[in-house]
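Undergrad: Here is a sequence with its predicted model. Questions after.
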Amino acid sequence: MRDIRAMQDEASGKGGLQINVTSTLDSHPIAEARISISYTGVPEQTLEQVTTDSSGQSEVLTLDAPPEEWSLDPDNERQPYSEYTLDISAPGFEPVSIAGTEILANVKAIQNVRMRPSDTGGEEEEVFVIPAHTLYGDYPPKIAEDEIKPTNESGEIVLSRVVVPEYIVVHDGSPRDTTATDYYVKYKDYIKNVASSEIYATWPADTIRANVLAIMSFTLNRVYTEWYRNRGYDFTITSSTAFDHKWIPERNIYDTISVIVDELFAAYLSRPNVRQPILTQYCDGRRVSCPNWMTFL
């Protein structure tokens, strides 16, 4: 197990973290929630302890992170973010533990936490483990599809116009995985989560903007064509990188990405004389080759 000294030695950068705590019952902010922060992998050594204010927010914390250059260099193979574990407790609510909150240098991470009211007064902890970022971890490559979906097949159901939904249903697994959980997620929150999972928030604003547009267009194509529902499924999109985008329950997002998603919101990419948004597929261009697709490099 790595110790704190070794982690601090390689963390020459600093990143911000703000935690927002709300109730699952009514989304009201939870004041006086207690938050303990430690390095993931060293949970017994608390680094920070903070309490939420009347708005359910913590102060913005400054935490160690690897150098920003690591996330900007396509040839870098070192993990460009630090991972922290958050343990949250509040009177009348079940405690929550989130392992793997990712801190990048020179950007603010935003960790939203939803706590369940405790009906019995018990202390059953809800635990979330955030997997590696897609640019650092090992995930299945996207299975290629046509950018424009045919809509004249027998039984094909499509919307009459492009609609930006308030919510989408995310199947947290591959399409045929019947054990995977379905989540109702606000559209903007979904885009922010996917972008934070698939690109680095340290990238230039225009690069983030291009990737967010691609994510939005892909997602709205799934919505417009009712791709999965037309095949007998009860969800809009999956969290499998082989079929769609990586979406991770309870992962943190970043301020640089959040602002751009709010700015673009209803935008998408399309072609002349084609009503549906383009199914914009992309890859990292380094570990996975994808001719004629968008790449990060």
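TA: Right, received. Where do you want to start? Numbering: from 1, shown residues only.
Undergrad: I'd like the average pLDDT over the lengthiest strand in the chain.
TA: Determined from DSSP state E, the single longest strand within the chain is strand 13-23. Across strand 13-23, pLDDT averages out at 98.
Undergrad: relative orientation of the next helix or strand after it and strand 13-23 in degrees?
TA: Scanning forward in sequence from strand 13-23 by DSSP states H and E, the next helix or strand is strand 34-39. Going by axes from the mean of the first three to the mean of the last three Cα atoms, to 10 degrees, strand 34-39 is angled at 150 degrees with respect to strand 13-23.
Undergrad: Test my guess that K192 contacts S258.
TA: Yes - counting by Cβ atoms under 8 Å, S258 is a contact partner of K192 at 5.4 Å. Quick note: C-beta positions are derived from backbone N, CA and C, even for glycine.
Undergrad: Name the helix or strand for N221, please.
TA: helix 205-225.
Undergrad: Report the rounded mean pLDDT for that helix.
TA: 96.
Undergrad: Could you list every helix and strand in contact with the next helix or strand after that helix?
TA: Using DSSP H and E, the helix or strand that follows helix 205-225 in sequence is strand 237-238. Secondary-structure packing of strand 237-238 (3 or more Cβ pairs under 8 Å, 6 or more residues apart in numbering; DSSP states H and E): strand 167-171.
Undergrad: List the buried residues for the strand it packs on?
TA: 168-171 (16 or more other Cβ atoms under 10 Å).
Undergrad: Tell me where the model's unsure across the stretch 101-250 of the chain.
TA: 120-122, 151-160 (pLDDT under 70).
Undergrad: if we go to 50?
TA: Scanning the stretch 101-250 of the chain for pLDDT under 50 picks out 153-155.
Undergrad: could you pull out the helices for it?
TA: Using DSSP state H, counting those that start in this stretch, the helices of the stretch 101-250 of the chain run over residues 187-198, 205-225.
Undergrad: just the angle between the last one and helix 187-198, please?
TA: Orientation note: helix 205-225 sits at an angle of 130 degrees relative to helix 187-198 (the same axes, to 10 degrees).
Undergrad: neighbours around D53, how many?
TA: As a burial measure, D53 scores 13 neighbours (other Cβ atoms under 10 Å).
Undergrad: swap in R114?
TA: The burial count for R114: 16, using other Cβ under 10 Å.
Undergrad: now T134
TA: Count around T134 with other Cβ under 10 Å applied: 17.
Undergrad: tell me the contacts of it?
TA: 197-198, 241, 246 (Cβ atoms under 8 Å, 6 or more residues apart in numbering).
Undergrad: could you redo the last one with a cut-off of 10 Å?
TA: 194, 197-199, 241, 245-246, 248, 284 (Cβ atoms under 10 Å, 6 or more residues apart in numbering).
Undergrad: what's the overlap in contacts for K192 and S258?
TA: Going by Cβ under 10 Å, 6+ apart, residues that sit against K192 and also against S258 are I110.
Undergrad: Neighbour count for these two, which is higher?
TA: K192 (25 against 19).
Undergrad: any idea how far the spatially most central residue of the chain lies from N252?
TA: Per Cα atoms, centre = their mean, the C-alpha nearest to the average position across the chain is that of N193, at 2.4 Å. From N193 across to N252, the span is 9 Å (Cβ to Cβ, to the nearest Å).
Undergrad: same thing with E94?
TA: Taken as Cβ to Cβ, the span from E94 to N252 is 20 Å.
Undergrad: Who has more neighbours out of these two?
TA: A direct count of neighbours by other Cβ under 10 Å for E94 and N252 places N252 higher, at 27 against 19.
Undergrad: Give me the distance between that one and S118.
TA: Distance from N252 to S118, by Cβ to Cβ: 24 Å.
Undergrad: Do a quick rundown of the strands in this structure.
TA: 13-23, 34-39, 46-51, 61-65, 82-89, 96-103, 108-115, 126-129, 167-171, 182-186, 237-238, 253-254, 282-283, 294-295.
Undergrad: buried residues in the fifth one?
TA: Read that as strand 82-89. 82-89.
Undergrad: Can you add distance to D234 and pLDDT and give these back as JSON lines?
TA: JSON lines is the format used below for these (distance: Cβ to Cβ, whole Å; pLDDT from 0 to 100):
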{"residue": "S82", "distance to D234": "38", "pLDDT": "98"}
{"residue": "E83", "distance to D234": "34", "pLDDT": "98"}
{"residue": "Y84", "distance to D234": "35", "pLDDT": "98"}
{"residue": "T85", "distance to D234": "34", "pLDDT": "98"}
{"residue": "L86", "distance to D234": "32", "pLDDT": "98"}
{"residue": "D87", "distance to D234": "35", "pLDDT": "97"}
{"residue": "I88", "distance to D234": "32", "pLDDT": "98"}
{"residue": "S89", "distance to D234": "35", "pLDDT": "97"}
